[in-house]
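1. Model the following, please.
(one chain, ligands or ions: 1)
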Amino acid sequence: MNAIQVKEGIYWVGALDWHLRNFHGYTTNRGATYNAYLIIDEKVALIDAVKAPFSKELLERISSVIDPSKIDYIISNHVEMDHSGALPAMAKACPNATIVTSAPSGVKGLTAHYGQLNYMPVKSGSTLSLGKRTLSFVATPMLHWPDNMITWCPEEKLLFSNDAFGQHYCTNTRFDDDSDFCETMQEAKKYYANIIMCYGKQAAGAWKTVKELAPEMIAPSHGVIWRSHVDDILDGYEKWSTHEPETGALVVFDSMWHSTETMAQTIAEAFTGQGVPVKLYDLKQSHLSDIIVNLLDCKYVAVGSPTLNNNMLPTVAAFLCYMKGLSPKNRRAFSFGSYGWGGQANAQIDEELKKCGFELCLDTLKIQYIPSEEQLKEIDEKIKSLD
Ligand code: FEO
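-> Numbering: from 1, shown residues only. Coordinates of the predicted model:
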């Protein structure tokens, strides 16, 4: 396994996880990569490591260009184990290396995971000279852990952004311009929705910092490196972090005997009739992490469930719990569902939508047993009444 040159003297030495399909609950249909970068200067620095089972791959790629024992610094931009898992192996292979991490959260987090290693805490604004190149550290706390930082190399105009601007996307290509652009952007968007959206305020702050740095290349810790589409990914983060989708309707439901499903289809058709782009999802068929990415484009959120045992269906409760945790803002929402006798699900959904901070733009749409043509027409008219 070989290193891949990113720029003269700078190499990608990460790991390819082709077969990963679930990253702690996030479906990774195109696998994942754990990116690590090697800078060979008067001093040698490794930017981030990889997940523990890929330690051998990391060492092999490094060894294809330099003896790992020559590494002077390992920059740990983030404690999470997909980037730090190989640190114990690296500490053995690179006995002279100092592990550079944020103060105090990086040191605290790494010590809790791996015990006492040779740590060097750095604060935001600290710099480290490698010889011809400098590394400058910028704290990005809660993007998406307290310890996060990004590393900037001004001489190369190269930003090592860790999770920010990443994609769970495994390819044999390392750059945005030799990868499928639509797939790359879709995976970047899914990554933002599932990992970053909860920290939109921090993402907006980081976006501003990165814009001012004006990088020519952004090397994230997952997926491909941005070099030809830096503006596209920065534009994406600007749009997504504002929490202000202009249009779009996300209709999400589960159904037992197709009545709630019929209502969902009627709602989707009504939005379509109004020229609103619609995404319709049956929670039995799709994964939460695939559904939630559509929220970035949707102003309206409609959530439907029948009532089962005095409750909404567990699939719907899980969706609402997941959505609430990601803290989307500025959405208009309503609930719908059919019922037999109790009909408690609708009010429960409304409560959860309110807890999301959404504006309830319609009274709940509630139908007993089987929706009639007349009732479906009423639903259509109510959707048309939305401004
Ligand atoms: Fe890719 Fe937060 O770890």
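
2. what's around the closest residue to the ligand within the stretch 151-300 of the chain, how many residues?
-> The nearest approach of the stretch 151-300 of the chain to the ligand comes at Asp163, 4.5 Å away (C-beta to the nearest ligand atom). From N, CA and C alone the C-beta is placed, and that goes for glycine too. Asp163 has 22 neighbouring residues, counting by other C-beta atoms under 10 Å.

3. Also Cys153?
-> With other C-beta under 10 Å as criterion, Cys153 counts 24.

4. from what I can see it touches Lys132, true?
-> No. Counting by C-beta atoms under 8 Å, Cys153 stays clear of Lys132, with 10.3 Å between them.

5. how near is whichever residue of the chain sits closest to the ligand to Ala86?
-> Closest residue of the chain to the ligand, C-beta to the nearest ligand atom: Glu80 (3.6 Å). Using C-beta to C-beta, to the nearest Å, we find Glu80 at a distance of 13 Å from Ala86.

6. next one: Asp41
-> Plainly put, Asp41 is 22 Å away from Ala86 if you go by C-beta to C-beta.

7. Who has more neighbours out of these two?
-> Neighbours per residue, other C-beta under 10 Å: of Asp41 and Ala86, the larger number sits with Ala86, 28 against 18.

8. so who does that one touch?
-> Applying C-beta atoms under 8 Å, 6 or more residues apart in numbering to Ala86 gives the contacts 49-52, 54-55, 58.

9. how does it look with 10 Å?
-> By C-beta atoms under 10 Å, 6 or more residues apart in numbering, the contact set of Ala86 is 15, 34, 36, 46, 48-59, 74, 93.

10. One more: Gly340?
-> 256-257, 259, 306-308, 368-369.

11. how about 7 Å then?
-> Tyr369 (C-beta atoms under 7 Å, 6 or more residues apart in numbering).

12. Need the per-residue pLDDT for it.
-> At Gly340, the model reports a pLDDT of 97.

13. At the contact with the ligand, which residues of the stretch 151-300 of the chain appear?
-> Contact residues (C-beta under 6 Å from any ligand atom) of the stretch 151-300 of the chain with the ligand: 163, 221-222.

14. Repeat the analysis, applying 8 Å as the threshold.
-> Contact residues, the stretch 151-300 of the chain versus the ligand (C-beta under 8 Å from any ligand atom): 162-163, 166, 195, 221-222.

15. Next, format the residues you listed as JSON lines and append distance to Val316 and secondary structure.
-> Formatted as JSON lines, those follow (distance: C-beta to C-beta, whole Å; DSSP: H, G, I helix; E, B strand; the rest coil):
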{"residue": "Asn162", "distance to Val316": "34", "secondary structure": "strand"}
{"residue": "Asp163", "distance to Val316": "29", "secondary structure": "coil"}
{"residue": "Gly166", "distance to Val316": "30", "secondary structure": "coil"}
{"residue": "Ile195", "distance to Val316": "23", "secondary structure": "helix"}
{"residue": "Ser221", "distance to Val316": "34", "secondary structure": "coil"}
{"residue": "His222", "distance to Val316": "30", "secondary structure": "coil"}
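
16. ok, of those, which one's closest to Lys279?
-> Distance to Lys279 across those (C-beta to C-beta) is lowest for Ile195, with 20.1 Å.

17. check contacts around the closest one.
-> 144, 163.

18. repeat that for 8 Å
-> Per C-beta under 8 Å, 6+ apart, neighbours of Ile195: 26, 144, 163, 166.

19. Quick check, the third one in contact with Asp147.
-> In other words, Asp163. No. Judged on C-beta under 8 Å, Asp163 makes no contact with Asp147 at a distance of 11.4 Å.

20. Mutual contacts of those two, please.
-> With C-beta under 8 Å, 6+ apart, Asp163 and Asp147 have common neighbours His78.

21. about what we covered before: so the residue of the chain closest to the ligand sits against Trp145, correct?
-> Yes. At 6.1 Å, Glu80 counts as touching Trp145 under the criterion of C-beta under 8 Å.

22. just checking, what's the longest strand in this protein?
-> Longest strand of the chain, by residue count under DSSP state E: strand 332-339.

23. Counting by contacts, list what it packs against.
-> helix 259-273, strand 300-304, helix 345-355, strand 359-360, strand 365-368 (3 or more C-beta pairs under 8 Å, 6 or more residues apart in numbering; DSSP states H and E).

24. Thr101 should be in a strand, yeah?
-> Yes. With DSSP: H, G, I helix; E, B strand; the rest coil as the criterion, Thr101 is part of a strand.

25. Run through the bridge partners of it.
-> Pro121 (DSSP bridges).

26. what's the pLDDT at it?
-> Reported pLDDT for Thr101: 98.

27. After the one helix or strand in the chain whose mean pLDDT sits lowest, heading C-terminal, what element do we hit next?
-> Sorting the helices and strands of the chain by mean pLDDT, DSSP states H and E puts helix 200-213 at the bottom, at a mean of 92. Scanning forward in sequence from helix 200-213 by DSSP states H and E, the next helix or strand is strand 217-220.

28. what helices or strands is that following strand leaning on?
-> strand 4-7, strand 158-162, helix 230-241.

29. Could you spell out the sheet neighbours of the helix or strand just after the shortest one, each with its direction?
-> Proceeding N to C from strand 4-7, the next assigned helix or strand is strand 10-12, under DSSP H and E. Paired strands of strand 10-12, with direction, are strand 4-7 (antiparallel), strand 37-40 (antiparallel) (DSSP bridges).

30. any chance of those strands in TSV, plus mean pLDDT and mean neighbour count?
-> Formatted as TSV, these follow (pLDDT from 0 to 100; neighbours: other C-beta atoms under 10 Å):
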stretch	mean pLDDT	mean neighbour count
strand 4-7	98	17
strand 37-40	98	24
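
31. Let's have the ones you listed in JSON lines, adding distance to Leu288.
-> Listed next are those as JSON lines, based on distance: least, C-beta to C-beta, whole Å:
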{"stretch": "strand 4-7", "distance to Leu288": "34"}
{"stretch": "strand 37-40", "distance to Leu288": "32"}
